[in-house]
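Trainee: have a look at this prediction, sequence included:
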Amino acid sequence: MRQPLVAGNWKMNGSRASVGELLVGLKAGIGQVTTAEVAVCAPAVFIPAVQAELDGSPIKWGGQDVSVHASGAYTGETAASMLSDFGCHYVIIGHSERRAYHGETDQVVAEKFAAARAAGLVPILCVGETLDEREQGITEDVVGRQLDAVVAHCGIDTVGSGVIAYEPVWAIGTGKTASPQQAQDVHAFIRGRLAAADPAVADGIRVLYGGSMNPKNAAELIAQPDIDGGLIGGASLKADDFLAVCSAANR
Ligand code: PGA
């Protein structure tokens, strides 16, 4: 049985003060609310503070992006080894905002996945279609292509040591959530696609849903057979909301 994972994606939000307050709230509340695994993915500059606050707590932490390079003359980049050095367990890879605003191709995303694994991080690989792609009826083509690129570059076993997040781009930050059935359909497709390469990997890997998941809709989404938790943006910035999503992921 797959243990659900609820991961917060803070994106480019927060200040020293607000992050401190959020972490204290999460730490205080987490013990009682969930049997799910819980993590927060923070802007790189906050990671030392996150580590200082969460070390020894059940909450894991991670980054939101990583360089394809191990080290060197790459101004502005963060190496996977640096995230590991500050206790990160996870790193988000290929978020649609990185693909859209920073030109990350499927190939770059696959290289980032490999770089993260090489440093011992667990990548959370984001895949998902735009509204235009959904309306054209090519959701499975897009998601399949995004997955295949990483499997081809890293191998199915390496992919199996990560986490997948299905995030329909049209549902991110818009308040429009995929219906539980719409999400389940794509999650089942993702598992089927991986099963063609290795059924055991497909069975074991966690596939999270992301896109306007909140305390009101989380339980119904996570109840779907192929949805193993959530990647939470807006609702991860308030301790009460995030804890409520975590509690909806109890199994
Ligand atoms: P949202 O973001 O929950 O604010 O829609 C999710 C994400 O982009 O990971």
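Mentor: Received the coordinates, thanks.
Trainee: in the chain, what residue comes closest to the ligand?
Mentor: Nearest residue of the chain to the ligand: Gly233, at 2.2 Å (Cβ to the nearest ligand atom). The C-beta positions use only the backbone N, C-alpha and C, and glycine is treated the same way.
Trainee: for that residue, which non-adjacent residue is closest in space?
Mentor: Asn9 (5.0 Å; Cβ to Cβ, 6 or more residues apart in numbering).
Trainee: count the neighbours of that neighbour for me.
Mentor: By other Cβ atoms under 10 Å, 27 other residues sit near Asn9.
Trainee: do the same with Ala52
Mentor: 12.
Trainee: look at it and give its secondary structure.
Mentor: Secondary structure state of Ala52, per DSSP: H, G, I helix; E, B strand; the rest coil, is helix.
Trainee: ok, it to Val6 distance?
Mentor: Distance of Ala52 to Val6, given as Cβ to Cβ, to the nearest Å: 22 Å.
Trainee: contact residues of this structure facing the ligand?
Mentor: When proximity is defined as Cβ under 6 Å from any ligand atom, the chain approaches the ligand at 9, 167, 172-173, 210-213, 231-235.
Trainee: cutoff 8 Å now
Mentor: When proximity is defined by Cβ under 8 Å from any ligand atom, the chain lies next to the ligand at 9, 11, 92, 95-97, 126, 165, 167, 171-174, 210-214, 231-236.
Trainee: hmm, which of these are the buried ones?
Mentor: Those of these that meet the buried threshold are 9, 11, 92, 95-97, 126, 165, 167, 171-172, 210-214, 231-236, by 16 or more other Cβ atoms under 10 Å.
Trainee: residues in contact with stretch 9-17?
Mentor: 19, 22, 40-43, 46, 49, 64, 92, 95, 97, 210, 231-233, 236-237 (Cβ atoms under 8 Å, 6 or more residues apart in numbering).
Trainee: actually stretch 57-64, sorry about that
Mentor: For stretch 57-64, contacts defined as Cβ under 8 Å, 6+ apart pick out 7, 9-11, 26-27, 30-31, 37-44, 47, 50-51, 54, 78, 83, 87-92, 95, 121-122, 124.
Trainee: what's the span of that stretch, first residue to last?
Mentor: 21 Å (Cα to Cα, to the nearest Å).
Trainee: next one: stretch 224-238
Mentor: End-to-end span of stretch 224-238 (Cα to Cα): 25 Å.
Trainee: correct me, but Val143 touches Gly128?
Mentor: Yes: assessed by Cβ atoms under 8 Å, Val143 is found in contact with Gly128 at 6.7 Å.
Trainee: pick out whichever of the two has more residues nearby.
Mentor: Shown here are Val143 and Gly128; by other Cβ under 10 Å, Gly128 has more neighbours (27 against 22).
Trainee: so the residue nearest to Gly233 bridges to which residues?
Mentor: Partner residues in beta bridges with Asn9, using DSSP bridges, are Cys41.
Trainee: now do the strands in this protein.
Mentor: 5-9, 37-41, 60-63, 90-93, 122-127, 163-166, 207-210, 229-232 (DSSP state E).
Trainee: please name the nearest non-neighbouring residue to Thr139.
Mentor: Among residues not flanking Thr139 along the chain, Glu129 sits closest, at 4.4 Å (Cβ to Cβ, 6+ apart).
Trainee: quick one, which of the contacts of stretch 57-64 are buried?
Mentor: Using 16+ other Cβ under 10 Å, the buried ones in the contacts of stretch 57-64 are 7, 9-11, 26-27, 30, 37-44, 47, 50, 54, 78, 83, 87-92, 95, 121-122, 124.
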